[in-house]
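# Sequence first, then the predicted structure, then my questions.
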Protein chains: 2
Amino acid sequence: MQRKIPQSNLYLREEELRRGIELLYFAYRDFTRDPDKILAESGFGRAHHRVLYFVGRNPATTVSGLLKLLRITKQSLSRVLGQLVEDGYIDQQPGTTDRRQRLLHLTEKGRDFEKQLFASQRERVARAYKTAGPDAVAGFWEVLLNIVDESEREIVLRQIEK
Amino acid sequence: MQRKIPQSNLYLREEELRRGIELLYFAYRDFTRDPDKILAESGFGRAHHRVLYFVGRNPATTVSGLLKLLRITKQSLSRVLGQLVEDGYIDQQPGTTDRRQRLLHLTEKGRDFEKQLFASQRERVARAYKTAGPDAVAGFWEVLLNIVDESEREIVLRQIEK
DNA sequence: TTATTATGTCAACAACGCTGACATAAATAG
DNA sequence: CTATTTATGTCAGCGTTGTTGACATAATAA
């Protein structure tokens, strides 16, 4: 330590940190634009998207599983989940070993809708990946993962390695 | 075209696209957590943060300048900007050439507060940069920039190269 | 049997997007 | 010089989505 001061640390200057902060803001803003538009047409919002997305990715997940993954209150989740169940996008089955649980699955309608939402983001992300190239994409993942709370990283890793 | 199918395109499979989508969600969620906490203590929200941030980064910007950068309605902006002005975080001066304009500046109070907010994100981002390394960071920027709407990329580039 | 857990529900509140309508002062065009 | 456009502000209302707090039920676990 203290031996050599690597010039590469220049990328840790305020300027570069602000660049990351700004790009994260702008990218996230536009990243949510396409699905938001589709959702609005069906009378849903971004929160519905998340539930559809993660139920689709984690079939037979439970309510508490979703709560841990999303880190929102059960009241918030209950509102959107209830609507999705009522409108036939998600279906609930009592757990087999623990009958208090509600195992969540997308219905066919839910799968179709999720596909549509995914497609709207897929294009944007695929284009960005293609333009930037595989090495950049690896860096993109790496930095994002390290921005996640350390206490959450386990959960996130388990999710993205599905 | 069609000659060789590069195996590197594997990184464009659904799995890798979903990984980006998920990491973007989790990282953004946690990325906003620290400032949100500080903001709440002062009775502000995320929207106030953005205004403070971009006024700080673009001294003497105008209301319409902010509107173009943030892409929200003037009514939304007006609400938060008004509070920040009233509470003494931002100060308005009539434009010199065009007296209809309100040139926006952070006050000292505003600068102090913005520094505090920035510090809370700086740590997180700096740690992520350090862990991932400079090449990863370059990729992170590159992919994020390409996720931004093409029509907005000019504006974003101008911003991040300040 | 008692305590804990998984889930749900009712109510209220705040932040922050949005639309729509109207107002004023200053700049600019004809 | 008048008419239009521009920069900004304001009032009112609405929808989504997060929050807290309190209470309820059924099933599991101690």
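Here it is on my side, so go on. Residues are numbered from 1 along each chain as shown, chains lettered A, B, ... in the order given.
# which residues does the closest residue to DNA strand D within chain A contact?
Nearest residue of chain A to DNA strand D, counting by Cβ to the nearest atom of the strand: A:G45, 1.9 Å away. Placement of C-beta: from N, CA and C, glycine included. When contacts are counted by Cβ atoms under 8 Å, 6 or more residues apart in numbering or on different chains, A:G45 is found next to A:36, A:39, A:80.
# Ramachandran angles for it?
As for A:G45, its main-chain torsions (degrees, to the nearest 10) stand at phi -130, psi -170.
# Then A:R13?
The phi/psi pair for A:R13 (degrees, to the nearest 10) is phi -70, psi 160.
# Just the pLDDT for the closest residue to chain B within chain A.
Taking Cβ to the nearest Cβ, chain B has its nearest neighbour within chain A at A:G139, 2.6 Å off. Note on A:G139: pLDDT of 98.
# from memory it sits against B:A132, does it?
Yes. In terms of Cβ atoms under 8 Å, A:G139 counts as a neighbour of B:A132; the distance is 6.5 Å.
# so what sits against both of those two?
Contacts common to A:G139 and B:A132, judged by Cβ under 8 Å, 6+ apart, are B:F140.
# picking that back up, which residue sits closest to the residue of chain A closest to chain B, ignoring its sequence neighbours?
B:G139 (2.6 Å; Cβ to Cβ, 6 or more residues apart in numbering or on different chains).
# The residue most central in space within chain A and A:D30, how far apart?
Centrality entry for chain A: nearest residue to the mean C-alpha point is A:R50, 6.6 Å, by Cα atoms, centre = their mean. In this view, A:R50 and A:D30 are 17 Å apart by Cβ to Cβ, to the nearest Å.
# do A:E152 as well
24 Å.
# Between the two, which has more neighbouring residues?
More crowded of A:E152 and A:D30, by other Cβ atoms under 10 Å in any protein chain shown: A:D30, with 20 against 17.
# about what we covered before: buried set for the host helix or strand of the residue nearest to A:G139?
B:G139 belongs to helix B:134-147 when assigned by DSSP states H and E. Neighbour-count burial for helix B:134-147, counted by 16 or more other Cβ atoms under 10 Å in any protein chain shown, picks out B:134, B:136-147.
# List just the nearest of those residues to A:Y25.
The nearest member of the buried residues of helix B:134-147 to A:Y25, counting by Cβ to Cβ, is B:L144 at 9.6 Å.
# if I pick that closest one, what's in contact with it?
A:23-24, A:26-27, A:128, A:140.
# The closest residue to A:E22 other than its chain neighbours: how many residues sit nearby?
Of all residues not flanking A:E22 in the chain, B:I160 sits nearest, at 5.2 Å (Cβ to Cβ, 6+ apart). Using other Cβ under 10 Å, B:I160 is surrounded by 20 other residues.
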